Structure formats: structure tokens, C-alpha cells
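1. A structural model of the following input is requested.
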Amino acid sequence: MARTKKELGGVTLLGNQNTKYQYDYDPKVLEAFVNKHPENEYVVTLDCPEFTSLCPKTGQPDFGHIIINYIPRTLMVESKSLKLYLFSFRNHGDFHEDCVNIIMKDLVKLMDPKYLEVIGLFNPRGGISIKPFANYGDADHQDMVKQRMLDNMHND
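-> Sure, this is the predicted structure:
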């Protein structure tokens, strides 16, 4: 069944030909839409292989791959708004760990998901690659929070 205009009321960026790109961190660009299947527990994966931000000390660009997995409750993030949001980190100077935690907190605030995790796979700089992982879960998903945290503490 197709979505109604009312269901798409909060989605303003998708299909907009006059998109304005923010070059500085801006969580206000994030938009959500209603989950039409709240009775189902399912995972949504968003794969963002072209994430960039700036080193807060040197101003040099950092390149990474961001993976977001979440179990929606009533709202879901609209993908074009997520693209613009992640693009807004382009001139944002922060450490990789900070970026991943900021993304997690902004998405939790936007959607109030049952579970959400953000994985950052950053390109090596100075011979070291950094792979931060941050997750959140409601009361019913605390076992998953702990297990996924342990799963991400590994040596590749």
C-alpha cells in the first residue's frame, strides 16, 4: 500500500530539486517518517561509505565508512536527510569516536528506536585505523546492547 501525503508530511528533502548542502554539522537537517510496520521487529542497515570529517587538531580531512543498524519503533530516518546530515560533517572538526557518538545520539533523539548502533571504519592515518562502535537500546534490548558491544571488541 502506497504512503499517503499525510504520512509523507515530514519528508521535505526527498524529491526536492533545490537541495542546499550544509558544510558544517547540522542535526536539524534530519527528517523522519512513520514506520508502517511497528508490530514487526526488523533491522534497517544504512551503509555510508563516503563519510568525511576534519581532524580537530590539524584540520586535515579524515575519510571513513559509517554503518548504521537500527530496529525502528514508530519513526524511521529518511535516507536523503541522512545523506545531507552526514555530509554536514565535512567541515566538522572532531575525533572519529566523537563523530560516531554524535551520530548515534542524534539518530536516537530523532527516532527513539528500539535499538541503534553506529560503526565507524576510518581509513588509516599515521599507520593506525580507528573503528569506533557506539550503540543504544531500550529496556527490552539491553542484552543486545551488551552482546553487540562485546562482538565489536575484536582483533582483525
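2. so how far is Leu150 from Ile130?
-> 19 Å (Cβ to Cβ, to the nearest Å). Where C-beta positions appear, they are placed from N, C-alpha and C, glycine not excepted.
3. more neighbours, those two?
-> Set Ile130 next to Leu150 and count neighbours by other Cβ atoms under 10 Å: Ile130 wins out with 16 against 9.
4. packing partners of the top helix by length along the chain?
-> Ranked by residue count and defined by DSSP state H, the top helix of the chain is helix 96-111. Applying 3 or more Cβ pairs under 8 Å, 6 or more residues apart in numbering; DSSP states H and E, one finds that helix 96-111 contacts strand 44-54, strand 61-71, strand 75-77, strand 115-122, strand 133-137.
5. could you list every residue that touches Arg148?
-> By Cβ atoms under 8 Å, 6 or more residues apart in numbering, the contact set of Arg148 is Glu117, Phe133, Asn135.
6. pLDDT added to these, as JSON lines?
-> JSON lines is the format used below for the contacts of Arg148 (pLDDT from 0 to 100):
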{"residue": "Glu117", "pLDDT": "98"}
{"residue": "Phe133", "pLDDT": "98"}
{"residue": "Asn135", "pLDDT": "98"}
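7. just give the number of residues close to Leu137.
-> Small correction: residue 137 is Gly, not Leu. Using other Cβ under 10 Å, Gly137 has 19 neighbouring residues.
8. surely Arg90 and Phe51 touch.
-> No: between Arg90 and Phe51 there is no contact, the gap being 9.2 Å when judged by Cβ atoms under 8 Å.
9. more neighbours, these two?
-> It is Phe51, of Arg90 and Phe51, that has more neighbours when counted by other Cβ under 10 Å, with 22 against 16.
10. how about the more buried one, what does it touch?
-> Residues counted as contacts of Phe51 (Cβ under 8 Å, 6+ apart) are Phe63, Gly64, His65, Ile66, Leu86, Phe89, Cys99, Gly120.
11. would you mind listing which of these are buried?
-> Buried by 16 or more other Cβ atoms under 10 Å: Gly64, Ile66, Leu86, Phe89, Cys99, Gly120, out of the contacts of Phe51.
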